[in-house]
Each structure stands twice: as C-alpha cells, then as structure tokens.
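Chemist: All I have is the shape, not the residue letters:
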C-alpha cells in the first residue's frame, strides 16, 4: 500500500516549497492563460444564463443552425460540471451518513433506490415550478431546473459507489486512523475520500455519460404547461430529431463526440492517472495510466504557490473542525443503539410512510381513480421484463470485457474515452435510424426498444467492473502467476470474488438507470413518425406530454415500488453477501 493513501502529500511540503520559490516556468504561463480564458468563458455563459425571462415567453425549440453548435456545447458542458459539483457534495454527505449510521442507512438507501428509478421527466416536472419561483424574472430559474435534472442523472450512482467503498474500506487503515487519533475531518480527507477515489472517479465518468444520455430530456423542460428549450446540445438534438434532419444530427453528433473527448483529455484522463496514487496495494502497478495534461500540471509551480499561501487557511479549517471530535470508533462498529431509541425512530418512520401512502391513495382516488393502478402495474411488469433482459445480456457481455480492460492499464488508456463516448450517446441521435430499421425488419418497438434502453444502462455494469478489476492488487495477480493459476480457476479464485462488490453496485445502478431509459426506449418520435411500446416509460412520457401530473406521479410511484421491491429482495442481499465474503479487506 502506498504511503500516499494514508497520508497524502500536502502542497506545503518541503519539495513543493522549494519549487514554488523559483521563477515561473513555461508550463505556468500556459496554465495561467488557460485559467484566464476559462474564467472569461464561464463568466460570459453565466451572463447569458441570467438574462431577464418570463415563463412561457421562450421557445419550445432552438435553432438548428450549425454555427450555434460550439456555443451550445459550451452551455451544456457548463451545466454538466455544475451538476457534477452538486453531485459530489451530495455524495460526500449522504454516502458518508448512510455508511456510518445504521438508522440513516435504513432510510437513505431505500430512498436512493426510489430516486434512481424516478425518471428525469418526473423529477423536473415536480420541481421546475419551485426553481422558477426561486429566481423570479430571470432565466436562472429554468437553468437551475436543467442543472437539477442533470444532477439527478449523476448523483445516485456516485453516492452508491462512495457508500460501497466506505463499507469495503480496509480494516488496517481504519485501525491506523484511530491509533493516530485523527479528527473526523482529518479521517475524511486522509482516509475515506482517498480510499473511495478510484471508484468515485470511474463512477463519476459513468454518471457524466448518463447525464449526456438524458440530455434531450434535461434541456427541454415544461414550465406552466409550455415547453422551454434551453440553448444546448440536448435541445439541438431534440429539434433536429423532430425535423428528421439527418445532416444536422450527424453534425451535432460530431460536435458532441469532440466535446466528450476534449472533456476526457482535459479532465477525466488526468484524474484517472492521478488517482493511481490511492490504489490499495503493496506493489506498484507495472503500467500505470498516463496523462499528458497531468504531466504538464506537475511541471507547474502555480498550484504549489497557491497551496503554500492557503496553508494557514487550511490549518484554521482543520482546527475549527475539531469540534466534531476524534475518530475513536471503528467504521465497522455501528454501535449498540438503545432498543427504545430504535422503537421510537422506526415508529416515527413507519408512521410517516403510512401517512404518505394514505395521502397518495387519496390523491389518486380523487384524480385518476384507484382502478388505474391495474393497467399501470401491468405496464410496469412489461417494462420490468425488458430491464431484466437488458441486465442479463449486459452481465454476460460486459463483465468479461470490463475485466479485460480493467486488468490491462495500456488497453484501459485507449478504451476509456471510447467507452465514455458510447455511454454518453443520447438515444435520440438514433431515432431516425431505429425507425428505418424497425420498419424494414418489421420488428416491434416492444422488442427493439430494449436496444435503446441498453444504450443508457449497460455501461454502469462495464464501468464498475473496470474500476473493480483495476483495483485488484498487483501482488495478488503476481501470486496467482507464481502459483500457475490460470483460466477458469483464476476467475473462480481471484477475479470474480474481487469484482463482486463493484459488479453488484453496477448492477443496482444499471437496474435503476434502465428504468430511466424506458422513457427514451419505449417512445420514438421523428419526422412525423411515432412508435410506441407497451410499458411504463411510454405511459410516463405520454402523461408528461399531456401535462397530466397525476398520471406522471402514478407511473413514477409504480416504477419506484417495482424497483425498491427487487432491490430489497435481490440486489441488497447480493450486496451484503459480496461485502462479507469477497471484499478485499
């Protein structure tokens, strides 16, 4: 295990201070120029995002002029990073709370199960009025609703990954932090976040791709019954698809791929290479990931200079955080809570759930009628069958591929951007071609829609398996080589046990993501042609188009019930088994 995991180097260490006192280097000037250009661009975009605006005064579509594509790409990328920042904050708070509190876990994890299965359209339709009211007379209300939609496509997967990483944290590192009497704040920064860094980054990439996939649903929102298309790549895709403009779609696809690759080169690839310092192993990997951008940043002195000047502020924050106490209890010991406290806590919880069920039942009886539950549940079973088929095929296909990529750093270096582009491709780009293919073959969307759903869900399995396989310690691989363990025996003794916790997290998030993907897989519209499958995704999509909030809510409730039931009966049990039997502790 590298020393950097337990106690990462601080920017104020002696080598950095010596380096910071020297003159600026060419790499420093390049970094400063890039920072200034990025700041000017962000300020310009924020200015455009805060122009005066009245709900209903906008347009339900955007221009498909190709000259607008660079601007659209910049607006979308800024929203994506704002959503990512919000997701990271949410992940650190909720994931930490769920992993360290037994009572909180009983509430937060089922809540995440529900939230990850709630479609983006439903969440936006429920919250958009509140966001618009927060910024009256400003376009920021619509922008905030869009960023929230992007946040919902990222946060749940990242939170599950962080929660799982904390539960599988090596015990010897946990004991070391208690022996050194670190404060809870120091423990967070020196143990828990570094331990979860690799899966967090890989799941962050996957979540980023998932947000791209749902972009058309995020950037065309309904405000007071009127569609509002925000300038961006998602709304461009929606407009070009509605016009069946193949040329514009292909050009938009090229710009989107270029944007994704640029973000990967400038952001995700450096993070992936940097995160290698946090791998938990005793021997160094023979072929670590490399990044030209990271190599360039390591030649600069500006970060060290800034870190040295901010050191007093960091020390002050460290002292202030002592109020939360020291890390004296094991992370694996959730304590013996009092029976009376449990009775009170769960009594209040069950009362709140009962009140919520009664309120919903009363609302549905008054609006759509309780008889609507029957056909809606039948649609849910139809969508569930597609989700199960998708998950089985994804497991068979992508687990071997993910292991091969994750255990070969050189292959991973080239496969990472390719997989990220594939995971980010919105299904709407393919609507025109899907309609042509289904018309030619005579296949119903009830079957073909599963392929569109797979575009948004299968990558959760692949990314988590890649991350899990990449964390298999090199010394264990070398031990297997020395013992001559290969083939099926190697899979049984090392690979499958090692990737089991990561695969289960990927399967859980893929299961939830597949439900979200039903919205784009069960209804296809392009150029005046409409195809529809029998399922819950089509039900919610049509209800949203008709501005029928009661049916949107009913479909969402049924979808959440199915998801939580399967998670409780299947996935959580598999997760506990993987944690107890296969975690590399």
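Modeler: That came through fine. Everything numeric here is computed off the predicted structure, so don't read it as measured data.
Chemist: mind checking how far residue 270 is from residue 261?
Modeler: Plainly put, residue 270 is 14 Å away from residue 261 if you go by CB to CB, to the nearest Å. From N, CA and C alone the C-beta is placed, and that goes for glycine too.
Chemist: Neighbour count: those two, which is higher?
Modeler: residue 270 (21 against 15; other CB atoms under 10 Å).
Chemist: Excluding covalently adjacent residues, which one is nearest to that one?
Modeler: With CB to CB, 6 or more residues apart in numbering as the criterion, residue 270 has its nearest non-adjacent residue at 4.0 Å, and that residue is residue 294.
Chemist: in terms of contact, does the one you found touch residue 274 like I think?
Modeler: Yes. Assessed by CB atoms under 8 Å, residue 294 is found in contact with residue 274 at 5.8 Å.
Chemist: Tell me the buried residues in stretch 356-370?
Modeler: By 16 or more other CB atoms under 10 Å, the buried positions in stretch 356-370 come out as 364, 368.
Chemist: contact partners of it?
Modeler: If you take CB atoms under 8 Å, 6 or more residues apart in numbering as the criterion, stretch 356-370 is touched by 372, 373, 550, 551, 553, 554, 557.
Chemist: Okay, and which of those map to helices?
Modeler: When DSSP state H is applied, the contacts of stretch 356-370 are split such that 373, 550, 551, 553, 554, 557 fall in helices.
Chemist: returning to what we had before: most neighbours among the contacts of stretch 356-370, which one is it?
Modeler: Most surrounded of the contacts of stretch 356-370: other CB under 10 Å gives residue 554, at 25 neighbours.
Chemist: I'd like the distance between that one and residue 538.
Modeler: From residue 554 across to residue 538, the span is 14 Å (CB to CB).
Chemist: Make TSV out of the ones in helices among the contacts of stretch 356-370 and add distance to residue 570.
Modeler: Formatted as TSV, the ones in helices among the contacts of stretch 356-370 follow (distance: CB to CB, whole Å):
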residue	distance to residue 570
373	23
550	31
551	28
553	26
554	25
557	20
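Chemist: Now do the residue nearest to residue 270, the pLDDT please.
Modeler: Looking at residue 294, its pLDDT stands at 87.
Chemist: and it, how many residues sit next to it?
Modeler: Residue 294, neighbours per other CB under 10 Å, totals 15.
Chemist: Same check on residue 172?
Modeler: Residue 172 sits with 11 neighbouring residues when counted by other CB under 10 Å.
Chemist: cool, and residue 97?
Modeler: 15.
Chemist: Identify the residues contacting it.
Modeler: 104, 108.
Chemist: helices or strands up against the helix or strand containing residue 574?
Modeler: Counting by DSSP states H and E, the element that carries residue 574 is helix 572-582. Packing partners of helix 572-582 (3 or more CB pairs under 8 Å, 6 or more residues apart in numbering; DSSP states H and E): helix 140-167, helix 496-521.
Chemist: Do a quick rundown of the helices in the stretch 151-300 of the chain.
Modeler: 171-179, 184-187, 193-195, 197-213, 215-219, 233-242, 246-263, 269-274, 292-298 (DSSP state H, counting those that start in this stretch).
Chemist: low-confidence ranges in the stretch 451-585 of the chain?
Modeler: 456, 526-528, 579, 582-585 (pLDDT under 70).
Chemist: Now do the helix or strand where residue 356 lies, average pLDDT.
Modeler: Residue 356 is part of helix 339-366, with elements assigned from DSSP H and E. Per-residue pLDDT values over helix 339-366 give a mean of 85.
Chemist: hmm, which helix or strand of the protein has the shakiest average pLDDT?
Modeler: Taking mean pLDDT, DSSP states H and E as the measure, the helix or strand of the chain with the lowest value is helix 3-6, at a mean of 44.
Chemist: Go ahead and list the helix or strand containing residue 477.
Modeler: helix 474-483.
Chemist: which parts of that helix are buried?
Modeler: 476, 477, 480.
Chemist: with these in mind, which one is nearest to residue 235?
Modeler: Relative to residue 235, the closest of the buried residues of helix 474-483 is residue 477; by CB to CB it sits at 47.1 Å.
Chemist: was I right about that closest one contacting residue 407?
Modeler: Yes. Applying CB under 8 Å, one finds residue 477 in contact with residue 407, separated by 7.4 Å.
Chemist: Could you pull up the residues touching residue 555?
Modeler: 122, 376, 379, 536, 539, 540, 543.
Chemist: which residue packs closest to it, ignoring adjacent ones?
Modeler: residue 540 (4.0 Å).
Chemist: That's all I had, so thanks and see you.
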